[in-house]
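**Q** I would like to see how this sequence folds:
(one chain, ligands or ions: 1)
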Amino acid sequence: MTTLIRGGMIVTDERMFEGDILIRDGKIAELSGCAGADEVIDATGRYVLPGAVDIHTHMDLDVGIARVIDDFYTGTVAAACGGTTTIVDHMAFGPKGFSPWHQVREYHRLADGVAAVDYGFHGVLQHVDDTVLDDMAQIAADEGITSFKIYMTYDYRLDDLDLMKVLSRAEKEGILIAAHCENHGMVTYFRERFVREGKTQARWHPVSRPAVAEAEAVNRLLYLAHAAGDAPVYVVHLSTHAGLEEIRRARAVGQKRFGAETCPQYLLLDEALYDDPQQGLKALMAPPLRTQSDRDALWAALAADELDTVATDHCPFTFAKQKQQGAKDFTKCPSGAPGVEERLILLYSEGVAKGRITLPQLVKYACANPARVAGLYPQKGAITPGADADLVILDPDREWTLTTERLHGNADYTCYEGMPVKGAIERVLLRGGTVAMNGDFTGKRGGGQYLRRGRSALAL
Ligand code: MN
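**A** Just a heads-up that it's a prediction; the model follows:
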């Protein structure tokens, strides 16, 4: 089976050029024409991007007080329709005291034969001992799960001693440690105090998780990684200018084996949303939305190539029911918001079309670098012979309005309701097969393959 995508403007993270893409058996065979293809797709006047890679999702996540509304099917249908053909999902915590193998098995049970795009998992560490560290190394070797998440806040946070043990072992094994960076003491102090003082409306949520809580934890993570022999680390969902300054500090002193991710919500939304005690629940997430000046700083960092990736932290709950658990007390609200389908087109519309980033930078942040960080490049995130034929055909001119009705996930809202969008995802291919067409899902349940990942580019 051969498919020819003809006449499009091909965009990689380095350049743009008009050309043809010949697909054979699900892989990109050549970047040139071929008269006898079985199927010809005309991409004249369109951009052709690598399928987007989202390395921060939470499908079917159980957070104890609630379970997210998208499972690995509905969440990956949404991903596909939004141009994302690969996800790497962050696992939920498992039962207290269990081996990390427990969640690896649980997540295969949730995703295998269900996911509609290709998928991998980040492991999770919630306590540390010699057995857990051996399991981490074994899971990386056996499962291709070459990154593990740790939390610096929440009940299963790791303290500095545990972090040193994890980072030292990760350095030895070439495993990437992804970290949720917030100072637990600061956050807990403010949350307890605000509840005591009756300050339980949504607008107290960002005040309870100040920018310095993120900055301090980013700083500490980077110093710990340095002390552990330059262990490879990855800061997830960076949300603040203060945190960004810590990234700059580490880079300025020559630390190299780290990366940082931000998310569309920290670029496009701000804490003014929390002023409305009801609507604010929609964007109740950790870290919280920040200020306009934080947004400006993050866009400037993207323009200057100072960040590595833009992922979503897709973690959807229903507004009508689940989010209402926080109606009287924000500390009781399940934390997270949808976003997997909106990411690519919002980065195009708000980023590229508005001149904040270039089209190759969009491909770098949404496709190529996430694949590199996850150890999937150039199988994913690249338009080059031998790569999987995961492609997005984007119409740069179409204008439309983002509404919940047009999206495919199970959430009953989007944080971007009513936002005008320039550009539309016309067609999405996963390994050569069309999985989305003009906003309709055309793939199939279980059409995604499990990805055994190689070593992260940050761990080389
Ligand atoms: Mn997350």
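
**Q** where does Gly355 land in three-state SS?
**A** Following DSSP: H, G, I helix; E, B strand; the rest coil, Gly355 is assigned to coil.

**Q** the closest residue to Gly75 other than its chain neighbours: how many residues sit nearby?
**A** Leaving aside its chain neighbours, Gly75 sits nearest to Met59 (4.1 Å; criterion: C-beta to C-beta, 6 or more residues apart in numbering). C-betas here are computed from N, CA, C, even on glycine. Met59: 28 surrounding residues under other C-beta atoms under 10 Å.

**Q** give me every residue that touches Ala242.
**A** Ala211, Val212, Glu214, Ala215 (C-beta atoms under 8 Å, 6 or more residues apart in numbering).

**Q** then Cys415?
**A** Gln265, Leu269, Leu273, Lys282, Ala283, Ala337, Pro338, Gly339.

**Q** thinking again about what came up before, isn't the residue nearest to Gly75 right up against Val117?
**A** No. Using C-beta atoms under 8 Å, Met59 is not in contact with Val117, being 10.6 Å away.

**Q** who touches both of these two?
**A** Common neighbours of Met59 and Val117 (C-beta under 8 Å, 6+ apart) are Thr76, Ile87.

**Q** circling back to that earlier point, reformat the contacts of Cys415 as a markdown table; add secondary structure and distance to Phe190.
**A** Listed next are the contacts of Cys415 as a markdown table, based on DSSP: H, G, I helix; E, B strand; the rest coil; distance: C-beta to C-beta, whole Å:
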| residue | secondary structure | distance to Phe190 |
| --- | --- | --- |
| Gln265 | helix | 21 |
| Leu269 | coil | 21 |
| Leu273 | helix | 19 |
| Lys282 | helix | 22 |
| Ala283 | helix | 18 |
| Ala337 | strand | 21 |
| Pro338 | coil | 27 |
| Gly339 | coil | 26 |
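
**Q** would JSON lines of those residues with distance to Gly26, neighbour count and pLDDT be doable?
**A** JSON lines is the format used below for those (distance: C-beta to C-beta, whole Å; neighbours: other C-beta atoms under 10 Å; pLDDT from 0 to 100):
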{"residue": "Gln265", "distance to Gly26": "33", "neighbour count": "27", "pLDDT": "98"}
{"residue": "Leu269", "distance to Gly26": "37", "neighbour count": "19", "pLDDT": "98"}
{"residue": "Leu273", "distance to Gly26": "42", "neighbour count": "20", "pLDDT": "98"}
{"residue": "Lys282", "distance to Gly26": "39", "neighbour count": "23", "pLDDT": "98"}
{"residue": "Ala283", "distance to Gly26": "38", "neighbour count": "22", "pLDDT": "98"}
{"residue": "Ala337", "distance to Gly26": "33", "neighbour count": "25", "pLDDT": "98"}
{"residue": "Pro338", "distance to Gly26": "29", "neighbour count": "28", "pLDDT": "98"}
{"residue": "Gly339", "distance to Gly26": "28", "neighbour count": "28", "pLDDT": "98"}
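
**Q** which outside residues touch stretch 401-413?
**A** Stretch 401-413 is contacted by residues 69-70, 74-75, 77-78, 81, 282, 314, 316-320, 337-338, 340-342, 346, 400, 414, 416-421, 439, 441 when judged by C-beta under 8 Å, 6+ apart.
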